[in-house]
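Pasting the sequence and the predicted model now:
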Amino acid sequence: MKKIVRLTERDLTRLVKRVMNESVIFDELKGFFDRCGSQPPTSTSNRIADEIYDSLTPDSSTLFKIASLGSSTLGTDEVKLIGAFKKMKTFDEFCSTKNSYFRIYKSDMLDDIDGDVDEDEIWKQLSRTVRSLFDLRMSRTKPVSSVGGGGQRVMNEDKDNKKMDLKSDFNDIINHKHYSEIEPSDLVEVLEELLHYAKNDVFRSKKPNKGYITKD
């Protein structure tokens, strides 16, 4: 016989609010994951990825304790998970960790976390940590007016970051499965054509009265 659970209007309202809140937090964190490009894995990001995986996958001693207590959960080490996230110093390092995780474990890091973490407070802490890294990145790319050339320095940093983003975007397009059947020679041809038009735009911006660059 199936067990019937009766909920009061207050219980239902609280449950709906909790689900909506978790959805908003998850969507925010997913948004940060989606902003990542092809930042290459590093030795640091590999270590952090390992810690995140270990926090989601209990060792044999932990499994023994869970079995002895008769628990049906796998006992995610939430403290270790949050600690691993806090070891990331920049948003690019966060993205590198995401890519390290996928390279090492052939699995999406956010999906694995979502499969193990249910508590709203844990999601809040993870999202808050990544948001601070993203805000730090954005603050470094804002042009500022200051004496002594500080504004120019920040603008240069902004330019460098945009160049990195452009490179990542190109890599994402090239590596997208939709273009996996394109021959390398065709890829080079397309990039050379884009480069040709880009050079023409630079040439004409510097010399407005000149036309396109030709072989002659």
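Yep, it's here. Residues are numbered from 1 along each chain as shown.

all contacts plus neighbour counts: C-alpha atoms, from now on.
Will do.

Helices of the chain, residue ranges please.
Under the criterion DSSP state H, the chain carries helices at the ranges 9-35, 43-56, 60-69, 78-86, 91-105, 109-116, 120-140, 150-175, 184-206.

List the buried residues for the second one?
I take that to be helix 43-56. Buried residues in helix 43-56, defined by neighbour count with 16 or more other CA atoms under 10 Å: 45-46, 48-53, 55-56.

and what of the shortest one?
Across helix 109-116, burial judged by 16+ other CA under 10 Å covers 109, 113, 116.

Ok, the fourth one next?
For helix 78-86, burial by neighbour count (16+ other CA under 10 Å) applies to 78, 80-86.

and the least confident of the residues you listed?
pLDDT across the buried residues of helix 78-86 is at its lowest for Glu78, which sits at 90.

isn't that residue right up against Asp120?
No. Contact criterion CA atoms under 8 Å: Glu78 and Asp120 do not qualify, at 11.9 Å.

returning to what we had before: just the closest of the buried residues of helix 78-86 to Leu29, please.
The closest of these to Leu29 turns out to be Phe85 (CA to CA; 12.4 Å).

I'd guessed that closest one sits against Gln125; true?
No. Applying CA under 8 Å as the test, Phe85 and Gln125 come out as separate, 9.2 Å apart.

quick one: low-confidence parts of the protein?
Low-confidence segments of the chain, defined by pLDDT under 70: 1-23, 58-75, 141-180, 201-216.

Return the backbone torsion pair for Ser38.
Main-chain torsions, Ser38, degrees, to the nearest 10: phi -100, psi 40.

can the buried residues of helix 109-116 go into JSON lines with extra columns for distance to Arg103?
Output for the buried residues of helix 109-116, formatted as JSON lines (distance: CA to CA, whole Å):
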{"residue": "Met109", "distance to Arg103": "10"}
{"residue": "Ile113", "distance to Arg103": "16"}
{"residue": "Asp116", "distance to Arg103": "20"}
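
which among those residues gets closest to His196?
Set against His196, the nearest of those by CA to CA is Met109 (39.0 Å).

didn't the closest one look like it was pressed against Phe102?
Yes. Met109 is within contact range of Phe102, at 6.8 Å (criterion: CA under 8 Å).

Phe91: neighbouring residues, count only.
A count of nearby residues for Phe91, using other CA atoms under 10 Å, gives 22.

Contact partners for the nearest residue to it once chain neighbours are set aside?
Nearest residue to Phe91 in three dimensions, chain neighbours excluded: Leu133, at 4.9 Å (CA to CA, 6 or more residues apart in numbering). Taking CA atoms under 8 Å, 6 or more residues apart in numbering, we find Leu133 in contact with 89-91.

so how far is Glu183 from Leu133?
Using CA to CA, to the nearest Å, Leu133 is found at 38 Å from Glu183.

Right, I'll leave it there.
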